[in-house]
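sharing a sequence plus its predicted fold:
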Protein chains: 2
Amino acid sequence: MKFLHTADWHIGKELGDYSLLEQQQTAFEQILAIAQAHQVDAVLLAGDLYDRSIPPVDAVNALEPMLKRMNIEAGLPIFAVSGNHDGPTRLGAGKEWRENNQFYLRTTLAEAFEPIIFGDTQIFMLPFIDPLEARVYYGISNETNELRTINEVMARVITEMQANFDPTKQHVLVSHYYVAGKQNETYDLTSETNSKAGGLKSIDVNQFNAFDYVALGHLHLKQASPSETVQYSGSPIKFNTKEAQSEKGVFIVDVNADGVSSEWVPLQPEKDLILLEADFKTLTDPAFYQQYSRQGDNLFSIKMTDRPAVTDLRNQLNDIYGEIVEIQFKQSQAQSISHTKKMTERAEQSNQDLIREFYETVTDATLTKHQAEIIDQTLTRLERKED
Amino acid sequence: MKFLHTADWHIGKELGDYSLLEQQQTAFEQILAIAQAHQVDAVLLAGDLYDRSIPPVDAVNALEPMLKRMNIEAGLPIFAVSGNHDGPTRLGAGKEWRENNQFYLRTTLAEAFEPIIFGDTQIFMLPFIDPLEARVYYGISNETNELRTINEVMARVITEMQANFDPTKQHVLVSHYYVAGKQNETYDLTSETNSKAGGLKSIDVNQFNAFDYVALGHLHLKQASPSETVQYSGSPIKFNTKEAQSEKGVFIVDVNADGVSSEWVPLQPEKDLILLEADFKTLTDPAFYQQYSRQGDNLFSIKMTDRPAVTDLRNQLNDIYGEIVEIQFKQSQAQSISHTKKMTERAEQSNQDLIREFYETVTDATLTKHQAEIIDQTLTRLERKED
């Protein structure tokens, strides 16, 4: 069978105050066109459909028509899981009805073990869960040491999945975790390593050896893929300056008895995110800025290397560059913990890191291991509650 | 065709801190059993499925299985609209897929005009909207005086519906508004007349003359029904002390070429809400309290006519009566605005009333007409935004 593998749409995400809905819409149109041009049999959507567990109304009004066009109008089956950003209960509302039209959406561990038989392929879907949810599911007391890490959870889950393997079929898994492999050690993945929240750590790629292909979501760069058959498609658009130099796209994956092949198909952003790092004098020098497309064509993230005494700095830069999603000031490590730190940066930090930093700033001491554990446990409970 | 008419489930509603989910579940089981025993062709669900526009996860986890059992497992078609308590966008997510299984859910004005042809009946569904939404839909400037009241909006909407009438069919409408008729003038409807919010007033029952039957939601007592063919089913369970003496149930409605007949089928509450009004001495006198079923059987709302100097008053009453959902103190009008006012009472007040009361308490002055208008407009905008 031929699949389009995408993930991490994060519909509703904002950069600072800048809504990405328009770019997300453009990326969706391209994904749909690619799926049709390549005549895929289905779309694998590996989590984080929304950016938040309670998506704003605008986000619902954006995502729902996409799903409708892809599944109902274009007739493409969809195999999707909830990611750590999705609220599983809210996202999952009505999923039984969607399934009648081959839109398979899995949001709980209980649904992970029974595959969908799709032509010559068994498709398993494992949504993002934390070890606590697995312990509840398996009835394991919180007092024991069983299933404390996501790696242990995954071992048990995959063993149970394998009991349902039909050896005459291919086996595909759609999931949403931080899977460690040789390749991704060289990439800066800090923006998504808040997967450590709730005791989650990374998963060993060898756990997935039984599958012919694993369509992953969670990390936003395809370069983070741990192997050629356990891949991250990455997000369809660029979410931060770390991703500014990277190419976005989807995988077209062919899985059959002869093996697996995958092809990277890039998306063409309507607006590109361009990262500039210079001092104010350079940034406002025509000789410098004329090399960049003007207003409306691109988004700029500007890191200033000085702090000029200019009161209307943002206005001046806006006049030159058009849409600026963020202006940062390059500063020393000590300064970077100051209150000038951009909210967009904070948004990328895990809650644990935010609390740790706050504690250190206020008390001038570091958290003890015990304190950190209490915060971890509390956040885990809160995040489960919030859904 | 034979229909079961119900409304105002308000899943997720709490009385004070007391969750009604268990009672709502019991009521649902009975509604489903009645629908099956009477072999109805479909269920009409006239709005306020949820109690809040962003329902808590527990509420989603309660309502979704009900809808699944009724529509997917029992195979009952459902015709539903969103009410003023529902968030139309969130409730409506995925409705296109539900519709494939004859679960018709309408959450916008645009969907109101095209009926579903169901056997010999055309079923129209008009969700709760306010005049502002209608003006936006019809492209009417906010500067004009057109479509300022819900009565005007309804006249226009029904005229357009009638253009789609097939005279060989019966015509049923499912909707969610405050419709005034002779009967309901005698009932205390204050708990739901916050429908006045945003310039909404009542709708004249004669507007519905073209329909054979109108299944309404919004008012919680069947006695509020303006006529025998324009009816409120009321809510399945009792939500406040005003409803304590009333019977809850559903209508079984037969609509055919010979006319319309409807039968009231009461629900048997697992726990009844009993309203007691007495002084402390009486309430704690065995001769008084032994006449009431004990703990676990009923819910009590207690209005005390005195203020005894007892520190563990709630505990003493709890020991006697079991589940007490609220204790109120009967007091003078002046006192009733004091901070002892119960949150459950506040929850029934419109936002307008809450702001007015707060303003009066703080400033010792009353709102001017102009001030009240600004508050109305602001709340209307906010409520639309919140969804």
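Looks like it arrived, so ask away. Residues are numbered from 1 along each chain as shown, chains lettered A, B, ... in the order given.

the stretch 201-350 of chain A: helices as residue ranges?
Under the criterion DSSP state H, counting those that start in this stretch, the stretch 201-350 of chain A contains helices at A:280-283, A:286-289, A:313-321, A:333-336, A:343-348.

would you single out the least confident of those helices?
Confidence, taken as mean pLDDT, is least for helix A:333-336 of the helices of the stretch 201-350 of chain A (a mean of 46).

low-confidence ranges in the stretch 51-200 of chain A?
Scanning the stretch 51-200 of chain A for pLDDT under 70 picks out A:182-200.

which residues touch the residue of it found nearest chain B?
With CB to the nearest CB as the measure, residue A:94 is the residue of the stretch 51-200 of chain A nearest to chain B, at 3.6 Å. Every C-beta, even on glycine, is put in place using the N, C-alpha and C of the backbone. With contact taken as CB atoms under 8 Å, 6 or more residues apart in numbering or on different chains, residue A:94 is in contact with B:64, B:93, B:94, B:95, B:97, B:98.

pull the number of nearby residues for the closest residue to residue A:263 other than its chain neighbours.
Nearest non-adjacent residue to residue A:263, counting by CB to CB, 6 or more residues apart in numbering or on different chains: residue A:252, 4.6 Å away. If you count neighbours by other CB atoms under 10 Å in any protein chain shown, residue A:252 ends up with 20.

show the pLDDT at residue A:252.
Residue A:252 carries a pLDDT score of 98 in this model.

was I right about it contacting residue A:262?
Yes - between residue A:252 and residue A:262 there is a contact under CB atoms under 8 Å: 6.7 Å.

what residues of stretch A:298-307 count as buried?
Of all the residues in stretch A:298-307, those buried under the rule 16 or more other CB atoms under 10 Å in any protein chain shown are A:298, A:299, A:300, A:301, A:302, A:304.

sec struct for residue A:136, please.
Judged by DSSP: H, G, I helix; E, B strand; the rest coil, the three-state class of residue A:136 is helix.

so what sits against both of residue A:252 and residue A:262?
Residues touching both residue A:252 and residue A:262 (CB under 8 Å, 6+ apart) are residue A:5.

so who does residue A:308 touch?
So residue A:308 contacts A:279, A:280, A:281 (CB under 8 Å, 6+ apart).

pipe those residues into a markdown table and attach neighbour count and distance to residue A:4 per row.
A markdown table is the format used below for those (neighbours: other CB atoms under 10 Å in any protein chain shown; distance: CB to CB, whole Å):
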| residue | neighbour count | distance to residue A:4 |
| --- | --- | --- |
| A:279 | 14 | 44 |
| A:280 | 18 | 44 |
| A:281 | 10 | 47 |
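
now render these as CSV, adding distance to chain B.
Formatted as CSV, the contacts of residue A:308 follow (distance: CB to the nearest CB, whole Å):
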residue, distance to chain B
A:279, 42
A:280, 38
A:281, 43
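
do you know how far residue A:218 is from residue A:85?
9 Å (CB to CB, to the nearest Å).

got any residues that touch both of the two?
Common neighbours of residue A:218 and residue A:85 (CB under 8 Å, 6+ apart) are A:47, A:48.

would you map out the domains in chain A?
A:2-266, A:272-386 (automatic domain parsing).

which residue is most remote from the mean position of chain A?
Distance to the chain centre peaks in chain A at residue A:309, reaching 38.6 Å (criterion: CA atoms, centre = their mean).

which of the contacts of residue A:94 lies closest to residue B:378?
residue B:93 (27.5 Å; CB to CB).

tell me how far that closest one lies from residue A:3.
Residue B:93 is 25 Å from residue A:3, by CB to CB.

let me see the contact set for residue A:202.
Residue A:202 sits next to A:150, A:151, A:177, A:178, A:179, A:180, A:195 when contact means CB under 8 Å, 6+ apart.

which two from these end up farthest apart in space?
Maximum pairwise distance in these, criterion CB to CB, is 12.1 Å, between A:151 and A:195.

who's more crowded, these two?
Neighbour count, other CB under 10 Å: between residue A:151 and residue A:195, residue A:195 has more, with 22 against 18.

quick one on the thing from earlier: can you flag which of the contacts of residue A:202 belong to strands?
Judged by DSSP state E, the contacts of residue A:202 include A:179, A:180 as members of strands.

want to throw the contacts of residue A:202 into JSON lines with distance to chain B?
Output for these, formatted as JSON lines (distance: CB to the nearest CB, whole Å):
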{"residue": "A:150", "distance to chain B": "22"}
{"residue": "A:151", "distance to chain B": "28"}
{"residue": "A:177", "distance to chain B": "22"}
{"residue": "A:178", "distance to chain B": "25"}
{"residue": "A:179", "distance to chain B": "28"}
{"residue": "A:180", "distance to chain B": "31"}
{"residue": "A:195", "distance to chain B": "22"}
